[in-house]
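Participant: Just a sequence and a predicted model for now, questions to come.
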Amino acid sequence: EAGVAQSPRYKIIEKRQSVAFWCNPISGHATLYWYQQILGQGPKLLIQFQNNGVVDDSQLPKDRFSAERLKGVDSTLKIQPAKLEDSAVYLCASSLVPQGGRNGELFFGEGSRLTVL
Amino acid sequence: DQQVKQNSPSLSVQEGRISILNCDYTNSMFDYFLWYKKYPAEGPTFLISISSIKDKNEDGRFTVFLNKSAKHLSLHIVPSQPGDSAVYFCAASGMDSSYKLIFGSGTRLLVRP
């Protein structure tokens, strides 16, 4: 079974530029998550989708971050304009059930490492 | 406000000995606790979990202990192997936040041959 796919793996941009990350979840997983992991910290949830609807985006900086999952399968996370503090690994995860945080039912991709100069 | 804390950023143990990783939490509404393991350039992978109705869960070399009164959990790895060298994240979730995972900052484990 294929895992969660993410691209690009690495991206370096100048501040104020824009960047987009793509995620394809495990087949059949209706719930998709984007996490931000800053160096030395644990992953922090940015946004959770159930199919193509947003369940939780309370920690998404909406002035610069946006995410969509138009057809309820793959998803794109965009940052525009980027700031230095956005340097982090952006992890996509998916789960079969909406409450994937209960018992290890949440599967992560390898992440997209962003460096903002 | 860190709801899940891992106060030891790193731990080094000899191969074959026990590794003990600790985690503290503040939210008494958490009812699931999980450990994830992360190798460099890979995403976190689920290792073991425990629900709040238990105080111990074992899976092979890995055992998680939960002390609800102290709001503390620990992961024991016995015996430790060099392949266990990774960053270990403690995470917690509860019904009050729709089981959204809250992660600690991680502990980097090095198992020396």
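Facilitator: Noted; the coordinates are in hand.
Participant: Pull the contacting residues for A:Gln41.
Facilitator: By C-beta atoms under 8 Å, 6 or more residues apart in numbering or on different chains, A:Gln41 lies in contact with B:105-106. Yep, even glycine has a C-beta here, placed from its N, CA and C like the rest.
Participant: near chain A, which residues of chain B?
Facilitator: Chain B comes close to chain A at residues B:4, B:6, B:9, B:32, B:34, B:41-49, B:51, B:89, B:91, B:93, B:98-101, B:103-106, as judged by C-beta under 8 Å from any C-beta of the partner chain.
Participant: so who does residue 103 touch?
Facilitator: In the absence of a named chain, this looks at chain A. By C-beta under 8 Å, 6+ apart, the residues touching A:Asn103 are B:32, B:34, B:49, B:51.
Participant: if you could check chain B rather than the one you did, that'd help
Facilitator: A:42-44, B:4, B:36, B:89-91.
Participant: And these, which is closest to A:Gly101?
Facilitator: B:Ala91 (7.4 Å; C-beta to C-beta).
Participant: count of neighbours near that closest one?
Facilitator: 26 (other C-beta atoms under 10 Å in any protein chain shown).
Participant: Likewise for B:Ser28?
Facilitator: Residues near B:Ser28, counting by other C-beta under 10 Å, number 11.
Participant: would you list every one of the strands in chain B?
Facilitator: Along chain B, counting by DSSP state E, strands occupy B:4-5, B:10-14, B:19-25, B:32-38, B:45-51, B:56-59, B:62-67, B:72-77, B:86-93, B:102-103, B:107-112.
Participant: need the residues of chain A near chain B, please.
Facilitator: Residues of chain A lying close to chain B by C-beta under 8 Å from any C-beta are A:4, A:40-45, A:48, A:55-56, A:91, A:93, A:98-104, A:106-111.
Participant: Out of those, list just those in strands.
Facilitator: A:44-45, A:48, A:55-56, A:91, A:93, A:106-108.
Participant: List only buried entries from those residues.
Facilitator: Among those, the ones that count as buried by 16 or more other C-beta atoms under 10 Å in any protein chain shown are A:44-45, A:48, A:56, A:91, A:93, A:106-108.
Participant: residues touching the residue nearest the centre of chain A, list them.
Facilitator: The centroid of chain A falls nearest to A:Trp34 when counting by C-alpha atoms, centre = their mean (2.6 Å). Shown in contact with A:Trp34 (C-beta under 8 Å, 6+ apart): A:23, A:45-47, A:67, A:75, A:77, A:90-92.
Participant: try 6 Å this time
Facilitator: A:46-47, A:67, A:77, A:92 (C-beta atoms under 6 Å, 6 or more residues apart in numbering or on different chains).
Participant: In chain A, where is pLDDT below threshold?
Facilitator: Within chain A, the segments meeting pLDDT under 70 span A:1.
Participant: And the helices in it, which stretches?
Facilitator: Using DSSP state H, no helices are found in chain A.
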